[in-house]
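Q: got a predicted structure here, sequence first:
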Amino acid sequence: MAKKGGRNVGKSNITNIFITCTIFLFFYKKELKPSYIPLVISSLFVTLTNYPVIGTSNFISKTLVLFVMVISIVHIYLRYYHYEHYHIYIQNRYIHFIFAMVINISIPFILITSPHSIYQSSAYLSVSVFIFGLILYQLSEIDRPVRWFQIGRINTYRYIKHPKQLGEIFFAISYCLLTLFLPYSFFYVIIGITYIFYIKKSHLFKET
């Protein structure tokens with residue numbers, strides 16, 4: 001069974017590498033100035049391709065697919081409909097490509113080992129963290145007082161600096177929590193933490 005799983009991961013990763021390279025090449029030729037979007041699109045295609053092939057169906061694998069789909073929707077909207085006031089362009093396309101490759105190669109490992117999580121508590125917590133990150137991410141879309149985020153006449157969301165970047169950081173934290181008790185979890189945590197440093201260093205999703 002382990003050998004079969006290993007073969008599935010190997011075949012999936014060959015496909016994942018091909019998908020990632022193809023999408024990055026497509027966008028590098030299409031975009032005059034490289035943006036973050038190839039990482040998002042390639043991760044979406046890789047996840048949707050791997051999920052039915054790996055054949056696992058449990059809370060962690062389904063949540064991973066849901067996370068990737070929701071993140072893709074909000075990022076595609078930002079890239080093509082609301083990009084004027086945000087840092088969406090990358091400084092080094094090769095580092096961005098390496099991030100995408102590492103993330104996409106890790107996806108089949110997460111899917112195939114998801115039934116072997118030692119505890120589910122952090123995976124359940126990751127959903128709450130993700131929802132909170134999504135709320136923060138969308139706060140920047142608010143251009144009028146909203147009662148939920150209003151105390152008296154003060155809109156509390158105005159005191160949150162760079163809500164999109166902060167929301168993206170919470171997305172990364174939710175990824176770490178989702179995979180925290182899986183085999184190879186140290187690798188996924190390193191990816192998440194490194195990604196946080198990367199977006200902070202490159203000023204991605206900050207307001208201009």
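A: Okay, I see it.
Q: tally of neighbours for the closest residue in space to residue 92 that isn't next to it in sequence?
A: Leaving out its chain neighbours, the residue that sits closest to residue 92 by CB to CB, 6 or more residues apart in numbering is residue 202, at 7.8 Å. Bear in mind the C-beta positions are built from the backbone N, C-alpha and C, glycine included. Counted with other CB atoms under 10 Å, the neighbours of residue 202 add up to 17.
Q: quick check: residue 202 touching residue 89?
A: No - applying CB atoms under 8 Å, one finds residue 202 not in contact with residue 89, separated by 9.1 Å.
Q: for the record, mean pLDDT for the longest helix seen in the chain?
A: Ranked by number of residues, the top helix in the chain under DSSP state H is helix 2-30. Averaging pLDDT along helix 2-30 gives 81.
Q: the helix or strand just after that helix packs against which elements?
A: Going down the chain from helix 2-30, the next helix or strand is helix 37-54, by DSSP states H and E. Helix 37-54 sits against helix 2-30, helix 59-81, helix 93-113, with contacts defined as 3 or more CB pairs under 8 Å, 6 or more residues apart in numbering; DSSP states H and E.
Q: I'd like to know which elements the first one is packed against.
A: Looking back up the chat, that one is helix 2-30. Right, helix 2-30 is packed against helix 37-54, helix 93-113 by 3+ CB pairs under 8 Å, 6+ apart.
Q: where does this protein dip in pLDDT?
A: Regions of the chain meeting the criterion pLDDT under 70 cover residues 1-8, 55, 140-160.
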